[in-house]
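>>> sequence and predicted structure are below.
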Amino acid sequence: MNESAAAQAVPQGFGPSTAQRLPVPEREAMSEAQRAAAQAIIDGPRKALFGPFVPLLQTPQLMECLGKTGETLRFGGSLPDRVRELAICIVARETHNQFEWLMHAPLALKAGVAAEVIDCLLQGRRPRDLAPDETCAVDFVTELMHRHGVSDATYAEATGLFGEPGTVELTALTGYFVSVCWIMNVARTPGPQDSPAGRLSAFPA
């Protein structure tokens, strides 16, 4: 991300300072491992170095491992696109992360999630009138994030709809996006300016 793009990006955080803590280092200042890791991201399905991979460039080996995990979950998973994108939006909203929200809210709409559902999440409200698999995803991801596990009833519903492999995938998807959202929150990695999605505001105190 160059200086002009950073200046136009949506700031991360709601405190007195939203200044980015870990921007992309100058190429001359990168180690050989950092340059190789950055190039691997650019050559992969993401095609560019952005979002969580900016602060993760500080630890190239971790960046590579997390990058592969994200690729598997996003591009090689078994969950329907609609369910996966809805789950990502829930994580982004719960963690107050601008980048993943601004990236994935439009993708959720494109995948078939209703605009009213995205608007409810944006406002910090629980969506209603969902398809059964969407209701299950909302219950599962929200419960997992708030309680660090799920009840037997929630688990049974998830395995009934997604199977045991899909339930493990939904759990891993939640954990992966919580991780990258936290990394960006700490680094104050900004979100894309050109997203059509509404920007997150803080939950009411």
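Thanks, I have the structure now.

>>> pLDDT (mean, whole number) over stretch 191-198?
The average pLDDT for stretch 191-198 rounds to 94.

>>> please apply the same query to stretch 86-102.
pLDDT averaged over stretch 86-102 gives 98.

>>> next one: stretch 35-55
Here the average pLDDT along stretch 35-55 is 89.

>>> can you pull the buried residues of stretch 97-106?
97-106 (16 or more other CB atoms under 10 Å). Every C-beta, even on glycine, is put in place using the N, C-alpha and C of the backbone.

>>> would you mind giving these as JSON lines with secondary structure and distance to residue 127 added?
Shown next, in JSON lines, are the buried residues of stretch 97-106 (DSSP: H, G, I helix; E, B strand; the rest coil; distance: CB to CB, whole Å):
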{"residue": "97", "secondary structure": "coil", "distance to residue 127": "18"}
{"residue": "98", "secondary structure": "helix", "distance to residue 127": "20"}
{"residue": "99", "secondary structure": "helix", "distance to residue 127": "22"}
{"residue": "100", "secondary structure": "helix", "distance to residue 127": "18"}
{"residue": "101", "secondary structure": "helix", "distance to residue 127": "15"}
{"residue": "102", "secondary structure": "helix", "distance to residue 127": "19"}
{"residue": "103", "secondary structure": "helix", "distance to residue 127": "19"}
{"residue": "104", "secondary structure": "helix", "distance to residue 127": "15"}
{"residue": "105", "secondary structure": "helix", "distance to residue 127": "13"}
{"residue": "106", "secondary structure": "helix", "distance to residue 127": "17"}
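
>>> could I get the residues you listed as JSON lines with distance to residue 194?
JSON lines is the format used below for the buried residues of stretch 97-106 (distance: CB to CB, whole Å):
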{"residue": "97", "distance to residue 194": "17"}
{"residue": "98", "distance to residue 194": "13"}
{"residue": "99", "distance to residue 194": "13"}
{"residue": "100", "distance to residue 194": "15"}
{"residue": "101", "distance to residue 194": "14"}
{"residue": "102", "distance to residue 194": "9"}
{"residue": "103", "distance to residue 194": "11"}
{"residue": "104", "distance to residue 194": "15"}
{"residue": "105", "distance to residue 194": "13"}
{"residue": "106", "distance to residue 194": "10"}
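
>>> looking at these, which is nearest residue 29?
residue 99 (23.3 Å; CB to CB).

>>> just to revisit the earlier point, can you tell me which of the buried residues of stretch 97-106 is closest to residue 185?
Using CB to CB, the buried residues of stretch 97-106 come closest to residue 185 at residue 97, 6.0 Å.

>>> chain center to the helix or strand where residue 177 lies: distance?
For residue 177, the host element (DSSP states H and E) is helix 152-187. A distance of 12 Å separates the C-alpha centroid of helix 152-187 from that of its chain, computed with CA atoms, centre = their mean, to the nearest Å.

>>> repeat for stretch 80-97
Worked out by CA atoms, centre = their mean, stretch 80-97 lies 7 Å from the chain centre.

>>> buried sites along it?
For stretch 80-97, by 16+ other CB under 10 Å, it's 80, 82-97.

>>> do stretch 55-62 as well
55-57, 60.

>>> quick one: the residue in the chain sticking out farthest from the centre from residue 34, how far?
Outermost residue of the chain with respect to the C-alpha centroid, by CA atoms, centre = their mean, is residue 28; its distance is 29.7 Å. From residue 28 across to residue 34, the span is 11 Å (CB to CB, to the nearest Å).
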